[in-house]
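J.: Requesting a structural model of the entry that follows:
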Amino acid sequence: VVEVSGAPHAFSWIPRLAVAPDAPQRVLLLWQEILFSGGSHGGEMMLARSVDGGRSFPAAINLSNSQGGDGKGRITPEYWHNGSYDLLAAPGGRVFAAWTEYDGPLWVARSVDGGGSFSRPVRVAGGRGERPARAPALAMAPGGAVLLAWAEGDHAMADLRVARSADGGASFRELATVGLPGYSDSPRLAIDRGGVAHLVWSESEGGPFRRQRVH
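T.: Okay, the predicted model is just below:
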């Protein structure tokens, strides 16, 4: 057993795990650490990398470093869920991390050196005047395009949004709005070898706190 989070007084939880498909000794972990950096909601996105198959993890890096309450997915102003983030390890040393803040911005940070360093996060959605983004999901197509799906918050008839990056995660263009006449949530993405994208999500007819079905 290896302890990865290095802050004994911090609340660290809900990890995501990814292994590089072409370098199985490279193991990456992303988690939410409840650190209060001056905002109304605590939360930072921490990432640690092992290059020896998970036997050891050097000190984690803070990908978000903000006051926004990172890793929180707002459902209403009074309710939110933690764990609003995703991690993707792709061939060629590419790593992508996506997360949302309590107030709604959706961020993506990328690495081209196997998670050794990351770009400054790019905001994809959830800006001023937009509905909060929550529950992001990442996937990569065989040709290298990155797909990103997320759910809307603060809306009883929320839909899902899907965006695509053709430049390795440096920018995203929104492709589609997906959903049924109800509350859509919790998207997950997978892309098969033929390039067909599969999207699964939960749907309820009466808002976010009613019985849901999977579509």
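
J.: Show me the beta-bridge partners of the nearest residue to residue 117 once chain neighbours are set aside.
T.: What sits nearest to residue 117 in space, not counting adjacent residues and going by CB to CB, 6 or more residues apart in numbering, is residue 111, at 6.2 Å. The C-beta positions use only the backbone N, C-alpha and C, and glycine is treated the same way. Taking DSSP bridges, one obtains residue 95 as the residues bridged to residue 111.

J.: I figured residue 111 hits residue 92, correct?
T.: No - applying CB atoms under 8 Å, one finds residue 111 not in contact with residue 92, separated by 10.8 Å.

J.: distance between stretch 136-152 and the chain's centre?
T.: A distance of 10 Å separates the centroid of the chain from that of stretch 136-152, by CA atoms, centre = their mean, to the nearest Å.

J.: swap that for stretch 37-57, please
T.: That offset, for stretch 37-57, works out to 13 Å (CA atoms, centre = their mean).

J.: do stretch 90-103 as well
T.: The answer for stretch 90-103 is 6 Å, by CA atoms, centre = their mean.

J.: List the buried residues of that stretch.
T.: Neighbour-count burial for stretch 90-103, with 16 or more other CB atoms under 10 Å as criterion, is recorded at 90, 93-103.

J.: try stretch 29-44
T.: 29-35, 37, 41-44.

J.: I'd like the next helix or strand past the longest strand seen in the chain.
T.: Criterion DSSP state E: the longest strand present in the chain is strand 23-34. Proceeding N to C from strand 23-34, the next assigned helix or strand is strand 44-50, under DSSP states H and E.

J.: Bridging across strands, which residues link to the residue lying closest to residue 71 once chain neighbours are set aside?
T.: Of all residues not flanking residue 71 in the chain, residue 32 sits nearest, at 3.5 Å (CB to CB, 6+ apart). In this entry, residue 32 is beta-bridged to residue 13, residue 45, by DSSP bridges.

J.: Tell me the confidence at residue 32?
T.: Listed pLDDT for residue 32 reads 95.

J.: so what's it up against?
T.: 12-14, 43-46, 70-71, 82-83, 85 (CB atoms under 8 Å, 6 or more residues apart in numbering).

J.: Mind doing that once more with 6 Å?
T.: Residue 32 sits next to 14, 43, 71, 82 when contact means CB atoms under 6 Å, 6 or more residues apart in numbering.

J.: Got a quick PyMOL command for the buried subset of those?
T.: The PyMOL selection below is limited to those of those classed as buried (16+ other CB under 10 Å):
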select buried, resi 43+71+82
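
J.: and which of the contacts of residue 32 is nearest residue 176?
T.: Nearest to residue 176 out of the contacts of residue 32 is residue 71 (CB to CB; 25.6 Å).

J.: Would you mind measuring from that closest one to residue 144?
T.: As judged by CB to CB, to the nearest Å, residue 71 and residue 144 stand 27 Å apart.

J.: Residue 53 too?
T.: 26 Å.

J.: returning to that earlier point: restricted to helices, list the buried residues of stretch 90-103.
T.: Within these, no residue falls in helices by DSSP state H.
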